[in-house]
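Colleague: Need the 3D shape of this:
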Amino acid sequence: MDSMAVRDRVSEYRKRMREHGFRPIQVWVPDVRADGFDAEAHRQAAAAAAADRQSDDQEFIEAVSAPWDEE
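Modeller: Numbers count the residues shown, from 1 in each chain. Below is the predicted model of the structure:
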């Protein structure tokens, strides 16, 4: 059994990934455990669901846009 330390395994993994053309990035995501997360998620979901009923924005975009194949 190989008893390679975690940091060595991670280092080797990162080396292999770089060799395959990948690079590491750090991503920050919302903390779903935070106070108020549920309420904010609900607010945003409701706003997205109602967006097509509250605005003429899409009609405006379609009116001033040319089809891609006609440019």
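Colleague: ok, which stretches of the protein are helices?
Modeller: Per DSSP state H, the chain has helices spanning 6-19, 37-54, 57-64. These are given in chain order.
Colleague: okay, those in CSV with mean pLDDT and mean neighbour count next?
Modeller: Using the backbone N, CA and C atoms, a C-beta is placed for each residue, glycine as well. Conversion of the helices of the chain to CSV gives the following (pLDDT from 0 to 100; neighbours: other CB atoms under 10 Å):
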stretch, mean pLDDT, mean neighbour count
helix 6-19, 96, 10
helix 37-54, 90, 10
helix 57-64, 82, 9
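Colleague: what's the closest of those helices to Pro30?
Modeller: Put simply, out of the helices of the chain the one that sits nearest Pro30 is helix 37-54, at 6.4 Å, with distance taken as CB to CB.
Colleague: ok, and what's touching the closest one?
Modeller: Counting by CB atoms under 8 Å, 6 or more residues apart in numbering, the neighbours of helix 37-54 from elsewhere in the structure are 30-31, 58.
Colleague: that older thread, arrange the helices of the chain in JSON lines, one row each, with distance to Gln26 as further columns.
Modeller: Putting the helices of the chain into JSON lines (distance: least, CB to CB, whole Å) gives the following:
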{"stretch": "helix 6-19", "distance to Gln26": "13"}
{"stretch": "helix 37-54", "distance to Gln26": "21"}
{"stretch": "helix 57-64", "distance to Gln26": "34"}
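Colleague: how about these, which one is nearest Ile25?
Modeller: helix 6-19 (11.5 Å).
Colleague: what does that closest one contact?
Modeller: Counting by CB under 8 Å, 6+ apart, helix 6-19 makes contact with 4, 23-24, all of which sit outside it.
Colleague: quick one, what contacts Pro67?
Modeller: Contacts of Pro67 (CB under 8 Å, 6+ apart): none.
Colleague: Gln58 versus that one, what's the distance?
Modeller: Between Pro67 and Gln58 the distance, using CB to CB, to the nearest Å, works out to 16 Å.
Colleague: coming back round to it: export the contacts of helix 37-54 to CSV and append columns for distance to Ala39.
Modeller: Output for the contacts of helix 37-54, formatted as CSV (distance: CB to CB, whole Å):
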residue, distance to Ala39
Pro30, 13
Asp31, 14
Gln58, 27
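Colleague: Right, I'll call it a day here.
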